[in-house]
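Chemist: the sequence isn't on hand, but the structure is:
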């Protein structure tokens, strides 16, 4: 026996007649005796009150109050009080109904003669009974009494029956069967066994308990087995009564009481011999013997709970706590808390840590009370000293060495600490810590919700809806409960430590990502000691300590590059991780991004530039930062910027980039010149980059760079800059007379021609190739004047030079098209005036006498003519050549030119003929269309006004069938034009 659930007492001793049935009505006992009489017994206290409304079963002997002789002609085998209708139903040779409390006869259901079993549905007022092989259903309508509803046939005699919802469960043919009360359909469940008779016990919720020998099986209203399990009695029961939370069974030798909570444990055994019947009363169980009655009165729940707790049966005690009445809610809460704490201590002692933590959480004991069992968990110091009132617990800090932790001094916890023996902290192991992790995860979200239940709704709303992110260093100071903040910090800090000790690094990262109040100092120290670098990064990151996080990440990246890293870690840290970290910060702190991105710019230039572009960091800001802190990386940045975002680089950045290249080249030139080792054919990678930049960029200012180039070196760079200033003559002169590389002048002309610059010269003197031929035709003059002209160009302080001005205007704005056109026209006029139509070059007008003595570079001229004859104006080219030039030398170029010209003439003649043929075909088609005929009769009507055409002027639509009056056609056209005009005006 676990505990005493029912107390036994005698109610009636030595009844003069044998007792067949007992029923409880109010405070009275109704006894149906073997001679057909009905005896009414009552307690002495009930007699003094003379009331049927006292519903308690008295703990004293009952005395006879009234004897109703002849209540039934034959013995009554069963009775039932229909309390909701104040009726007494009795089963003898038939079913008789009497009205309570005076026992006036109401009716006798004659059709129930010979009935062996019945069942009453009090909710709907239905009565079903079985006689022979028939099941009848009657209904109590309150006026006419019981009215027959339906009758169904069954295969055999019914041994037991009970309502189950809308259906009836019957025991027939050794089977439990569900009878559909609507259509009579039978559905077999399972056999009832071989030893005991069928037992059908209804539950108040609608389920059924069906007996199969010594096993009670639970089924639902449709006969389907339930998952709760089975009640195993020690012997096959004769009768079972349900009185929550227990099931009381009458066995052959004793009465057995079991809990209705799975796994249906044995609660109590009561030994009473020769028991014939047990009946459920209002507040107890009536046990009837042949001539005496016993009462089983339930022990008060509070006393049962105390018994169960003392015996260590905590589960049963908690189950009974839920049955305490609502008016005792405070008592119920205190008992549940006490039991949960005791049970948790018991489980913790027996190393069932997870279950222990579950009951600690259910007890709602302060979290510090639980964490005191874990001395290795370091807890944060309190934010401020505060004392909670209104029955809330207070937290007192106890100094233990170097660790500050809390002990719970709340009244409830103090009481439980006094009742429970002190527990020594367990040695930390994986199972112990896993139980703590689950406890903290379960308890954490409810810590602040408890404050809401105590009236602090504002705190809950601000913490869960409006409270700033705790990872933000610039938190807004809100007036929240400091106790709630402290408890939240304790919970999160302890959870992080427990997760680390159990090796759940991923869970630690998830905790840090979510809304938390982890103590920064404690967590940082623990993570550093344990070399949990990834978690430490997460701690810094999600607390907005980005500078510390980036410093740590940079140290880890640099350490990973070493052959023997100082920091032992499983993760391989790469520079790309810094870039990924910086991406979300681009819109927050540009300077922080620049500070740490420069550390990986050299190793990951492409991704770093992508970071600057994706983060919308101004390029000028990046360039100025690099110029101030790491000037050596400016070239790398600008190169990547240009390769990835060529159209978006500004003139200032282009100038910066070229200045860097030029400075490096000039330094190199100065070193070699000082050693007298300079040679124009020498080059370094930067000089090639400088040349490529001069050629490819268009937004830099060439005049400023031309001033920095020495006069006796860097001729190719000088030529490119002169070309950018549209000084093509000087540029070609340098290629021809300074560099002496035959391919370079022609390649320069190709670039200018293909870039569209030839259009400026096509109007005046041909194109750029004519300028090259002029340079070849006047070598001495060009050589003597080139330095002078370049010096004058560089030293000129005027910015009104037309060609350089054109470049400047182009670089400064896109909306100055009119000024650009004027400058181009003025330039073209100057060139045309200087060249004339005589075929002489512009050098001729400067010094005609020197042309006679010049050494012509005729071979180079003919080479240009032979390779680029298709890009030259034939007439102007021939005029430039000396008069004594032999035609045989011109054949390689003029031959293909003449061939192409004649071929073009033939092609144009063929095209002209085809156009003429096409024109004739169109005219012929027009004439064919005009040959169409249309017959106007008296029945022909206008398609617009539906009037006859008659002799009026008409018009025909292109389909040839639609005819309209010409006046109607004209009016329709005018209407369309007017409508379109109005629409346009509205627009």
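Modeler: Great, that's in hand. What you see is a predicted model; the values in this text were computed from it and never measured.
Chemist: neighbours around residue 903, how many?
Modeler: 10 (other Cβ atoms under 10 Å). Where you see a C-beta, it was placed from the backbone N, CA and C, and this is true even at glycine.
Chemist: again, but for residue 192
Modeler: 24.
Chemist: quick check: it touching residue 212?
Modeler: Yes - the criterion here is Cβ atoms under 8 Å, and residue 192 meets it with residue 212 at 5.7 Å.
Chemist: which helix or strand in the protein has the lowest average pLDDT?
Modeler: strand 395-400 (a mean of 31; mean pLDDT, DSSP states H and E).
Chemist: quick one: low-confidence residue ranges for the stretch 501-650 of the chain.
Modeler: 563-571, 615, 644-649 (pLDDT under 70).
Chemist: for the helix or strand containing residue 498, name the packing helices and strands.
Modeler: If you go by DSSP states H and E, residue 498 is part of helix 482-501. On a contact count with 3 or more Cβ pairs under 8 Å, 6 or more residues apart in numbering; DSSP states H and E, helix 482-501 meets helix 367-371, helix 430-453, helix 505-513, helix 520-529.
Chemist: export those helices to TSV and tack on distance to residue 314 and mean neighbour count?
Modeler: Below are the helices and strands packed on helix 482-501 laid out as TSV (distance: least, Cβ to Cβ, whole Å; neighbours: other Cβ atoms under 10 Å):
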stretch	distance to residue 314	mean neighbour count
helix 367-371	17	23
helix 430-453	17	18
helix 505-513	31	17
helix 520-529	35	16
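Chemist: now render those as TSV, adding distance to residue 915.
Modeler: Listed next are the helices and strands packed on helix 482-501 as TSV, based on distance: least, Cβ to Cβ, whole Å:
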stretch	distance to residue 915
helix 367-371	98
helix 430-453	87
helix 505-513	76
helix 520-529	87
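Chemist: out of these, flag the one nearest residue 378.
Modeler: Among the helices and strands packed on helix 482-501, helix 520-529 comes nearest to residue 378, with 5.4 Å by Cβ to Cβ.
Chemist: residues near residue 222, how many?
Modeler: Count around residue 222 with other Cβ under 10 Å applied: 13.
Chemist: ok, it to residue 121 distance?
Modeler: 17 Å (Cβ to Cβ, to the nearest Å).
Chemist: rewinding a little: mind listing what's buried in the helix holding residue 498?
Modeler: For helix 482-501, burial by neighbour count (16 or more other Cβ atoms under 10 Å) applies to 483-501.
Chemist: again, but for stretch 326-341
Modeler: Here stretch 326-341 shows 332, 335-341 as buried, counting by 16+ other Cβ under 10 Å.
Chemist: now, those that are in strands?
Modeler: Among those, no residue falls in strands (DSSP state E).
Chemist: with respect to residue 35, which of the residues you listed is nearest?
Modeler: Nearest to residue 35 among those is residue 332, at 49.9 Å by Cβ to Cβ.
Chemist: any idea where the helices of the stretch 601-750 of the chain begin and end?
Modeler: Using DSSP state H, counting those that start in this stretch, the helices of the stretch 601-750 of the chain run over residues 605-614, 619-629, 634-644, 651-674, 685-696, 702-708, 715-724, 728-734, 743-754.
Chemist: what's the first helix or strand after the host helix or strand of residue 899?
Modeler: Here residue 899 sits within helix 887-930, counting by DSSP H and E. Going down the chain from helix 887-930, the next helix or strand is strand 954-956, by DSSP H and E.
Chemist: just checking, what packs against that next one?
Modeler: strand 963-965, helix 966-986.
Chemist: report the buried residues of it.
Modeler: 954-955.
Chemist: list the strands paired with it, with their directions.
Modeler: Here strand 954-956 is paired, per DSSP bridges, with strand 963-965 (antiparallel).
Chemist: I'd like the average pLDDT over the strand it pairs with.
Modeler: For strand 963-965, the mean per-residue pLDDT is 92.
Chemist: and if you look at stretch 137-154?
Modeler: 86.
Chemist: how about stretch 916-934?
Modeler: 88.
Chemist: what number of residues lie near residue 278?
Modeler: Neighbours of residue 278 under the rule other Cβ under 10 Å: 21.
Chemist: I'd say it and residue 284 touch.
Modeler: No - in this structure, residue 278 is not within contact of residue 284 by Cβ under 8 Å, at 10.7 Å.
Chemist: any buried residues in stretch 147-154, and which?
Modeler: Quick answer for stretch 147-154 (16+ other Cβ under 10 Å): 152, 154.
Chemist: i'd like the first residue to be 26 from this point on
Modeler: Got it, the first residue is 26 from now on, which makes the last one we talked about stretch 172-179.
Chemist: need the contact partners of that stretch.
Modeler: 136, 151, 155, 158-166, 195, 197, 202, 204, 206, 209, 211 (Cβ atoms under 8 Å, 6 or more residues apart in numbering).
Chemist: report the distance from it to the chain centre.
Modeler: Centroid separation for stretch 172-179 versus its chain: 61 Å, with Cα atoms, centre = their mean, to the nearest Å.
Chemist: cool, stretch 605-620 as well?
Modeler: 24 Å.
Chemist: now swap in stretch 920-939 and tell me
Modeler: Using Cα atoms, centre = their mean, the offset of stretch 920-939 from its chain centre is 71 Å.
Chemist: could I get the buried residue list for it?
Modeler: residue 922.
Chemist: same check, this time on stretch 146-155
Modeler: Under the neighbour-count criterion of 16+ other Cβ under 10 Å, stretch 146-155 has 146, 150-155 buried.
Chemist: closest to residue 62 among the residues you listed?
Modeler: Nearest to residue 62 among the buried residues of stretch 146-155, with distances taken as Cβ to Cβ, is residue 154, at 23.5 Å.
Chemist: helix, strand or coil: sort out the closest residue to that closest one other than its chain neighbours for me.
Modeler: Spatially, and ignoring its direct neighbours in sequence, residue 154 is nearest to residue 143 (3.9 Å; Cβ to Cβ, 6 or more residues apart in numbering). Under the three-state scheme (DSSP: H, G, I helix; E, B strand; the rest coil), residue 143 adopts strand.
Chemist: residue 143 contacts residue 119, doesn't it?
Modeler: No - applying Cβ under 8 Å as the test, residue 143 and residue 119 come out as separate, 10.6 Å apart.
Chemist: now for the two: what residues contact both?
Modeler: Common neighbours of residue 143 and residue 119 (criterion: Cβ under 8 Å, 6+ apart): residue 137.
Chemist: what is the neighbour count of residue 322?
Modeler: Counted with other Cβ under 10 Å, residue 322 comes out at 17.
Chemist: okay, and the beta partners of it?
Modeler: Applying DSSP bridges, one finds that residue 322 bridges with residue 32.
Chemist: for it, give its distance to residue 294.
Modeler: 17 Å.
Chemist: and residue 800, by the same measure?
Modeler: Using Cβ to Cβ, residue 800 is found at 127 Å from residue 294.
Chemist: more neighbours: which of those two?
Modeler: Taking other Cβ under 10 Å, residue 800 and residue 294 do not tie; residue 800 has more neighbours (27 against 14).
Chemist: how far does the helix or strand hosting the more buried one sit from the chain's center?
Modeler: In the assignment (DSSP H and E), residue 800 maps to helix 793-802. In this view, helix 793-802 has its centroid 71 Å away from the chain centroid, taken as Cα atoms, centre = their mean.
Chemist: for stretch 117-137, same thing?
Modeler: Worked out by Cα atoms, centre = their mean, stretch 117-137 lies 70 Å from the chain centre.
Chemist: list of residues touching that stretch?
Modeler: 50-51, 61, 63, 77, 93, 96-102, 106, 111-116, 138-140, 143, 152, 154, 156, 161, 163, 170-171, 173.
Chemist: buried sites along stretch 603-622?
Modeler: 603-604, 606-607, 610-611, 615, 618-619, 621-622.
Chemist: repeat that for stretch 111-118.
Modeler: For stretch 111-118, by 16+ other Cβ under 10 Å, it's 112-118.
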